[in-house]
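In: One predicted model, sequence on top.
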Amino acid sequence: MSAAPLAGEAVDPEVVALVERAQGGDAQAFADLYDRYVDQTFAYVYRRVGHRQLAEDLVGDVFLRAYRRLSSFEWQGVDLGAWIMTIARNRVHDHFKSARFRLERPTDDVRDDPGPSTPDDPERVAVARDLTRALGQALARLKDEHREVIELRFVHDLSVAETAAVMERSVGATKALQYRALRALATEVEGHPELTRLATTGLGGLLALLKMVPL
């Protein structure tokens, strides 16, 4: 059984209660935890593997592993979602190392490109879609660890501590990695005038745009 979070740890008390009940064998409590974290986990896995059916299969494995290991979960000052994301990261790594992946790489899905919805201004929609597409391409050109830290921090909204837990790094190393990753992203968008303008006026606009990049 996990010990209760220490005073001062920013953990949702509802999650604490659900974990305690699930560790005690309450299936509904685990189902509630699943509902709470499945979308975030799927988004992370899908961004890694790029194939919807495969992502769904891997996420099923992730939550099966989480269910089996929940009795060993202990609070480490981060949300349960970071612990689940760590399992997801390891499961994705296992997939890419597997012989099946090397022999039977799936055909990628056509990724959705919803873009902002402003039907009364088609020109603005077209510009926004161009920006998000270009930013997605820039993100894809980054090193894996740079892309991952940016997505965990600014797409999935994990804290630095949670990102460090998922990536199995210290908080200091994660901050340094994030700094290098953001500099690399700023360099990658230099060929796109509008993205360059966003980057030079501060990374806030560029990071806000990240949430619109299609999965």
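Out: Arrived safely.
In: could you list every residue that touches the spatially most central residue of the chain?
Out: Among the residues of the chain, the one closest to the centroid is residue 44, at 3.8 Å (CA atoms, centre = their mean). Counting by CB atoms under 8 Å, 6 or more residues apart in numbering, residue 44 touches 85, 88-89, 151-152, 156. To be clear about C-beta, it is placed using only N, CA and C from the backbone, and glycine gets the same treatment.
In: Enumerate every residue touching residue 148.
Out: residue 167.
In: Please pull out the lowest mean pLDDT helix or strand from the chain.
Out: helix 99-103 (a mean of 51; mean pLDDT, DSSP states H and E).
In: Tell me the one of the contacts of residue 44 nearest residue 36?
Out: Nearest to residue 36 among the contacts of residue 44, counting by CB to CB, is residue 85 at 12.8 Å.
In: Confirm for me that the closest one is in contact with residue 166.
Out: Yes. Counting by CB atoms under 8 Å, residue 166 is a contact partner of residue 85 at 4.6 Å.
In: Show me the common contact partners of the two, please.
Out: With CB under 8 Å, 6+ apart, residue 85 and residue 166 have common neighbours 152, 158.
In: what pLDDT does the closest residue to residue 71 other than its chain neighbours get?
Out: In space, and not counting its chain neighbours, residue 71 is closest to residue 23: 5.7 Å by CB to CB, 6 or more residues apart in numbering. In this model, residue 23 is scored at 92, pLDDT.
In: try the one 4 residues further on
Out: If you check residue 27, the pLDDT there is 93.
In: That one and residue 21, how far apart?
Out: 10 Å (CB to CB, to the nearest Å).
In: who's more crowded, the two?
Out: Higher neighbour count among residue 27 and residue 21: residue 21, with 16 against 10, using other CB atoms under 10 Å.
In: Helix or strand: which one has the more buried one?
Out: helix 13-23 (DSSP states H and E).
In: tell me which residues of the next helix-or-strand element following that helix are tucked away?
Out: Sequence order places helix 27-49 as the next helix or strand after helix 13-23, per DSSP H and E. Buried residues in helix 27-49, counted by 16 or more other CB atoms under 10 Å: 29-30, 32-34, 36-37, 40-49.
In: try stretch 191-210
Out: Buried-residue list, stretch 191-210, by 16+ other CB under 10 Å: 192, 194-195, 198-199, 203, 206-207, 209-210.
In: Now flag whichever of those residues is closest to residue 95.
Out: Nearest to residue 95 among these, with distances taken as CB to CB, is residue 210, at 24.4 Å.
In: Might you report the residue contacts of residue 18?
Out: Counted by CB under 8 Å, 6+ apart, residue 18 has contacts 29-30, 32-33, 36.
In: how about 10 Å then?
Out: Residues in contact with residue 18 (CB atoms under 10 Å, 6 or more residues apart in numbering) are 12, 26, 28-33, 36, 80.
In: nearest to residue 161, of those residues?
Out: Once CB to CB is applied, the member of the contacts of residue 18 that ends up nearest residue 161 is residue 80, at 13.3 Å.
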